[in-house]
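Novice: using only what follows, build the 3D model:
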Amino acid sequence: MYNNSISEQKHQCPCGQSFFTVKKFHDRNGLFEEYWEMSCNRCKQGYQLDNFLKETENGPAEAYFWVPRNIFSDMVILEAQLHKAQKSILALAHEMYLEQWTLYCYKGKTKREIWNRLTSQGKREPGYKLFDRMATSSNMADYLKDYFNYQNMDYVLKKLNVRDSKIDYMTNMVGNIKQRLEKTQRIMRNKGFINKVQYAM
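Specialist: Residues are numbered from 1 along each chain as shown. This next block holds a predicted model:
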């Protein structure tokens, strides 16, 4: 039977007038859950709990901090705009060039030749063993469609020697949204509150 333990600490809140509580749940392997709860009514209205990855001795680990709600809301809106814009670009690219991409890959007469066309003779993932396992004769068309995702879109269009002005314009719009999102994230990190000063009751 495992021995579980709970530790609880109160820390000064962002406005300094009250506190927030951090509860940590441990088992014999160490920390496995952490909960933050704001007790200050003023800070509840002004701050939102968010998380981020930080580097530790054991690799990346999830950490928490309080961020202003107005900045957090801006970030959520920009993330939604980015997702919608990327989805729209991919939908257009599929409408215009998915069939051409599939035919390009099917010019390979064997499965190995299709993989060579897909990966530029093995210069990109996936490796052939993984491709051979995942892509079958019955699902090859679906596999090629899935490969033609947003992350691989530029690569696919270059393979097809395609330059589409509308996709270029939409891609520039995505770049603008990304810049605004990154700026908002920087502001959020700068204004985020992680103060672990013990709160004196």
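
Novice: got a list of what the residue positioned nearest the centre of the chain touches?
Specialist: Geometric centre of the chain, nearest residue: Glu79, 9.9 Å, by CA atoms, centre = their mean. Applying CB atoms under 8 Å, 6 or more residues apart in numbering to Glu79 gives the contacts Leu181. In this view, the C-beta of every residue, glycine as well, is placed from N, C-alpha and C.

Novice: who does the strand or helix carrying Ala63 touch, helix- and strand-wise?
Specialist: Using DSSP states H and E, Ala63 sits within strand 59-68. Applying 3 or more CB pairs under 8 Å, 6 or more residues apart in numbering; DSSP states H and E, one finds that strand 59-68 contacts strand 30-38, strand 47-56, helix 165-191.

Novice: so which of these is nearest Lys129?
Specialist: Lys129 lies closest to strand 47-56 among the helices and strands packed on strand 59-68, at 30.6 Å (CB to CB).

Novice: mind listing the residues bridging to Phe193?
Specialist: Counting by DSSP bridges, Phe193 is bridged to Trp66.

Novice: any idea of the mean pLDDT for the strand holding Ala63?
Specialist: The pLDDT scores in strand 59-68 average 86.

Novice: and the pLDDT at Tyr199?
Specialist: We note a pLDDT of 46 for Tyr199 in this prediction.

Novice: using CSV, write out every CA atom in stretch 78-91.
Specialist: Extracted in CSV, the C-alpha atoms of stretch 78-91 (Å, rounded to 0.1, in the frame of the first residue of the first chain):
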residue,chain,number,x,y,z
LEU,A,78,-5.7,35.2,-30.5
GLU,A,79,-5.2,31.4,-30.1
ALA,A,80,-8.7,30.9,-31.5
GLN,A,81,-8.0,33.3,-34.4
LEU,A,82,-4.8,31.4,-35.2
HIS,A,83,-6.4,28.0,-35.1
LYS,A,84,-9.3,29.2,-37.4
ALA,A,85,-6.9,30.8,-39.9
GLN,A,86,-4.7,27.7,-40.1
LYS,A,87,-7.7,25.5,-40.5
SER,A,88,-8.9,27.8,-43.4
ILE,A,89,-5.6,27.7,-45.2
LEU,A,90,-5.4,23.9,-44.9
ALA,A,91,-9.0,23.5,-46.2
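
Novice: show me the domain layout of this structure.
Specialist: Annotated domains of the chain cover 5-69, 72-185 [automatic domain parsing].

Novice: what about the helices and strands packed on strand 59-68, which gets the closest to Arg69?
Specialist: Using CB to CB, the nearest of those to Arg69 is strand 47-56, at 4.8 Å.

Novice: tell me the buried residues in the closest one?
Specialist: 47-48, 50, 52 (16 or more other CB atoms under 10 Å).
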